[in-house]
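Asker: how does the following fold in three dimensions:
(one chain, ligands or ions: 3)
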Amino acid sequence: MGSTPAEVPCDVVSDNRSGLGGGISDVYGEDLATLDQLVTPWVSSVASGYSLMRDPRYNKGLAFTDKERDAHYLTGLLPPVVLSQEVQERKLMHNLRQYTVPLQRYMALMDLQERNERLFYKLLIDNVEELLPVVYTPTVGEACQKYGSIFRKPQGLYISLKEKGRILEVLKNWPQRGIQVIVVTDGERILGLGDLGCQGMGIPVGKLSLYTALGGIRPSACLPITIDVGTNNEKLLNDEFYIGLKQRRATGQEYAEFLHEFMCAVKQNYGEKVLVQFEDFANHNAFDLLSKYSTSHLVFNDDIQGTASVVLAGLIAAQKVLGKSLADHTFLFLGAGEAGTGIAELIALKISKETGAPIDETRKKIWLVDSKGLIVSSRKESLQHFKQPWAHEHEPVKNLIGAVNAIKPTVLIGTSGVGQTFTQEVVEAMATNNETPLILALSNPTSQAECTAEQAYTWTKGRAIFGSGSPFDPVEYDGKTYFPGQANNCYIFPGLGLGLIMSGAIRVRDDMLLAASEALAAQVTEENFANGLIYPPFSNIREISANIAASVAAKTYELGLASNLPRPKDLVKFAESCMYSPVYRNYR
Ligand SMILES: NC(=O)C1=CN([C@@H]2O[C@H](COP(=O)(O)OP(=O)(O)OC[C@H]3O[C@@H](n4cnc5c(N)ncnc54)[C@H](OP(=O)(O)O)[C@@H]3O)[C@@H](O)[C@H]2O)C=CC1
Ligand SMILES: CC(=O)C(=O)O
Ligand SMILES: [Mg+2]
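Answerer: Ligands and ions are numbered 1, 2, ... in the order given. Reported below is the predicted structural model:
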């Protein structure tokens, strides 16, 4: 590394560089470079023999055929048996099930991803309900907490303050060029586990594996990034195995300039149509980053917008069970941060669109409690900007039970990041006030859920509709089985991302999030409703994602924000045709 990054303001990057496949012309600058400029000497070659077996993108392990073994100098490097991918899959699932500790399963799966990418995705796609809790919440949370200790092979791209002034060059070290989706975190609010610094990398890695498995985005088009601006986590600062910068977090101008350099470098390197998903930033940066870059980049914040879209989908679906329109509900949130206010705002927007009432009016049906109590107008001056629209006229209320009794919500949503805050008293009050209380304990991982599924069903005597951010097993109560739903943004972001990419979107708009919610809600079947579910099962997630993608793409075309022209006629078929398949390819 040596040359300084070109000084390109974020908003003057040519849009002609990346095509549907993220195809970029001379973005690495080899052709245009002058003699005194440094370039990265990337080469491509045909892998064979040992290096073919060591390349996770092409490795098939014992599934290499005899013909392939002969042609690619593999004979003798493998035992004689040839196994099909299906047999490999059965064997691996059998082995995985031997591990009783979830973190061991996580590590085994990460090893597989590093060893044989297609087999990893085949496993994940075919066994999504079993493996989602391993590569994603809750186990990924534990993995992040212990990332330094379990660290073997680096995954994703680490951009630390040490690279200030040369982020563009760091991006060029990533071997894949046709990047279509970046999930980036700075590790400050990892699930409900707080500041995990550089060890937050598990989250972008996990989210992007879902982009591929659930949304069909090619693995080579996905780039997980962790921005390391330090950590304020004392435990990590004193941990000899910590993998990040051992310094306190950069803030203010230093932070903003570093993030700006990053955002400019991303656009410069990958063009205008690369999707950047902000993930698990703390709310004091998340809202500002989203509003700053949503006018110049294709960005969305999963915690604010993806979560909003998935919860709205559940509420739209629940209308069929409850026989009430959204406008007939009163909503109460515990937690008024990214997830809470993000969901609240999208609900208010949806009601406003449905009823024609101004959004200032529709917000009045929605109440939020933060760590200081109910958000009311007398607190307005001291509130962060994202809470202010929710400061309604009401006398102060100190805590959640007080708010439940005063507001009498029909829907209770937990976005506090604090476990066991929906106490028996709170849940029973919901059951007293409502025939069918809708209770969503969204905080992750499981340890931070506001209540468990069992508590929700027991304390409401089986009358609640319950969903949670992390999965719970079905619950037996009074001779009946109850199936809790998983209200998690992973229903939305893979399909949303696919829809944006396949239409060549250049910006994300709220209407696209609403389209995603409608599409997800439409996938809930009568059978799901009969089981008390307001989300469809994950077993059909690829079909669901294709439908979400088609609706998002349709909205993108309608808004004039699509660049992949002409518009394909059948967007669902087009979405399906764009999806990555993990089935092995044959080598000549
Ligand atoms: N299911 C899903 O798909 C998603 C789940 N989440 C989960 O939601 C949780 C919150 O995330 P996010 O909104 O980004 O976090 P934020 O930090 O932005 O917000 C947390 C909010 O909770 C409030 N809070 C904290 N402790 C308490 C308490 N004891 N009583 C009342 N309020 C409290 C905070 O209050 P104050 O402002 O006063 O500090 C703040 O308003 C996390 O656990 C995360 O995993 C997030 C995104 C998606
Ligand atoms: C699910 C998710 O994005 C979160 O808990 O932060
Ligand atoms: Mg998140």
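Asker: run through who's touching stretch 75-93.
Answerer: Stretch 75-93 is touched from outside by 49-50, 53, 60-66, 69, 112, 118-119, 122-123, 126-127, 130, 583-584, with contacts defined as Cβ atoms under 8 Å, 6 or more residues apart in numbering. For glycine as for every other residue, the C-beta is placed from the backbone atoms N, C-alpha and C.
Asker: out of those, list just those in strands.
Answerer: Per DSSP state E, strands hold no members of the contacts of stretch 75-93.
Asker: from the residues you listed, which would you call buried?
Answerer: Listed as buried from the contacts of stretch 75-93 are 53, 60-61, 63-64, 69, 112, 118-119, 122-123, 127, 584; burial here means 16 or more other Cβ atoms under 10 Å.
Asker: P445 against G202, yeah?
Answerer: No - between P445 and G202 there is no contact, the gap being 11.4 Å when judged by Cβ atoms under 8 Å.
Asker: and those two? Which one has more around it.
Answerer: Applying other Cβ atoms under 10 Å to P445 and G202 shows that G202 carries more neighbours, namely 31 against 23.
Asker: give me the helices and strands touching the helix or strand where that one lies, please.
Answerer: Under DSSP states H and E, the secondary-structure element containing G202 is helix 202-215. Counting by 3 or more Cβ pairs under 8 Å, 6 or more residues apart in numbering; DSSP states H and E, the packing neighbours recorded for helix 202-215 are helix 117-126, helix 128-135, helix 139-145, strand 181-185, strand 222-228, helix 493-503, helix 541-558.
Asker: what angle do the fourth one and strand 222-228 make?
Answerer: Taking axes from the mean of the first three to the mean of the last three Cα atoms, to 10 degrees, strand 181-185 and strand 222-228 form an angle of 20 degrees between their directions.
Asker: for the second one, same thing?
Answerer: Compare the direction of helix 128-135 with that of strand 222-228 by the same axes, to 10 degrees and you get 30 degrees.
Asker: buried ones in helix 128-135, by neighbour count?
Answerer: Counting neighbours by 16+ other Cβ under 10 Å, one finds that the buried residues in helix 128-135 are V128, L131, L132, P133, V134, V135.
Asker: quick check: the third one touching P471?
Answerer: Yes - checked against Cβ under 8 Å, the pair L132 and P471 is within contact range at 7.2 Å.
Asker: using PDB, write down the CA coordinates of stretch 482-497.
Answerer: Taking only C-alpha atoms (Å, rounded to 0.1, in the frame of the first residue of the first chain), the coordinates of stretch 482-497 have been written out as PDB:
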ATOM      1  CA  TYR A 482     -48.400 -23.100  20.800                       C
ATOM      2  CA  PHE A 483     -46.000 -22.100  18.000                       C
ATOM      3  CA  PRO A 484     -44.200 -18.900  18.700                       C
ATOM      4  CA  GLY A 485     -43.100 -16.900  15.600                       C
ATOM      5  CA  GLN A 486     -39.700 -15.400  15.000                       C
ATOM      6  CA  ALA A 487     -40.100 -11.600  14.400                       C
ATOM      7  CA  ASN A 488     -36.600 -11.000  13.100                       C
ATOM      8  CA  ASN A 489     -35.400  -8.700  10.300                       C
ATOM      9  CA  CYS A 490     -33.900 -11.700   8.600                       C
ATOM     10  CA  TYR A 491     -37.300 -12.300   7.000                       C
ATOM     11  CA  ILE A 492     -36.800  -8.900   5.200                       C
ATOM     12  CA  PHE A 493     -33.300  -8.000   4.400                       C
ATOM     13  CA  PRO A 494     -32.400 -10.900   2.100                       C
ATOM     14  CA  GLY A 495     -35.500 -10.300  -0.100                       C
ATOM     15  CA  LEU A 496     -35.200  -6.600   0.100                       C
ATOM     16  CA  GLY A 497     -31.600  -6.700  -0.900                       C
END
